Each structure stands twice: as C-alpha cells, then as structure tokens.
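Student: Got a predicted model here, sequence first, then my questions.
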Amino acid sequence: MTRQKKEIIKQVERVQMGMEMDDLMGCGLPPAVYEAREQEIYTLWEQLARLQHYASVEDMLYDTRGCENSGCPW
C-alpha cells in the first residue's frame, strides 16, 4: 500500500474518531457539523478509490476480492 493511501486511511480514522468522541462526550454538535464531517470522509474515500483504480467509492467498498482470508483490501 502506498504512503498516500495510508495517509488517507489515517485521515478517515481521525475524522471518525472525532465524531465518536463527540458522541460519547455528549457534546450534541449540530447536524450540519456531522454532515460536513461525513462529506469530508466521503471525499477521502473518493480519493482512495481513485488511487486503487475503482470507478466509484461504492465499487471499492463492495469489492469482496481478498476479503476471505486477510480482510478487506483497503
């Protein structure tokens, strides 16, 4: 896996962790904040899909090749 792909995955995990922490702490951020974060995650997934030569994010997420033994390819 290239460094760029690893960095994208780290960014996605960072945003998701922030959302989970907000939820656990009960901060009650407005829905617009979560929508912006979800859009950021989707944009990162689009970049990752392009780097892995998929036509779309959905093609990447629903690709089951290589998931049998070692987990998902991304």
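Tutor: Received it, and whenever you're ready, just let me know what you need. Source: prediction; values computed, not measured. Numbering: from 1, shown residues only.

Student: Thr64: neighbour count?
Tutor: 8 (other CB atoms under 10 Å). Where C-beta positions appear, they are placed from N, C-alpha and C, glycine not excepted.

Student: ugh, typo on my part, it should be Gln39
Tutor: Neighbour count of Gln39, defined by other CB under 10 Å: 10.

Student: elements contacting the helix or strand harbouring it?
Tutor: Taking DSSP states H and E as the criterion, Gln39 maps to helix 31-51. If contacts are counted by 3 or more CB pairs under 8 Å, 6 or more residues apart in numbering; DSSP states H and E, helix 31-51 sits against helix 3-25, helix 57-61.

Student: residues contacting the residue nearest the centre of the chain?
Tutor: Nearest to the geometric centre of the chain sits Val12, at 4.3 Å (CA atoms, centre = their mean). By CB atoms under 8 Å, 6 or more residues apart in numbering, the contact set of Val12 is 41, 44-45, 48.

Student: rerun that using 7 Å as the cut-off
Tutor: 41, 44-45 (CB atoms under 7 Å, 6 or more residues apart in numbering).

Student: May I see these organised as a markdown table, with pLDDT added?
Tutor: Listed next are the contacts of Val12 as a markdown table, based on pLDDT from 0 to 100:
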| residue | pLDDT |
| --- | --- |
| Ile41 | 95 |
| Leu44 | 95 |
| Trp45 | 95 |
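
Student: Adding neighbour count and distance to Asp59, write those out as CSV.
Tutor: Compiled in CSV, the contacts of Val12 are given as follows (neighbours: other CB atoms under 10 Å; distance: CB to CB, whole Å):
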residue, neighbour count, distance to Asp59
Ile41, 16, 17
Leu44, 20, 16
Trp45, 20, 11
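
Student: Run through the protein and note the low-pLDDT ranges.
Tutor: 1, 28-29, 69-74 (pLDDT under 70).

Student: which non-adjacent residue is nearest Leu51?
Tutor: Of all residues not flanking Leu51 in the chain, Lys5 sits nearest, at 5.6 Å (CB to CB, 6 or more residues apart in numbering).
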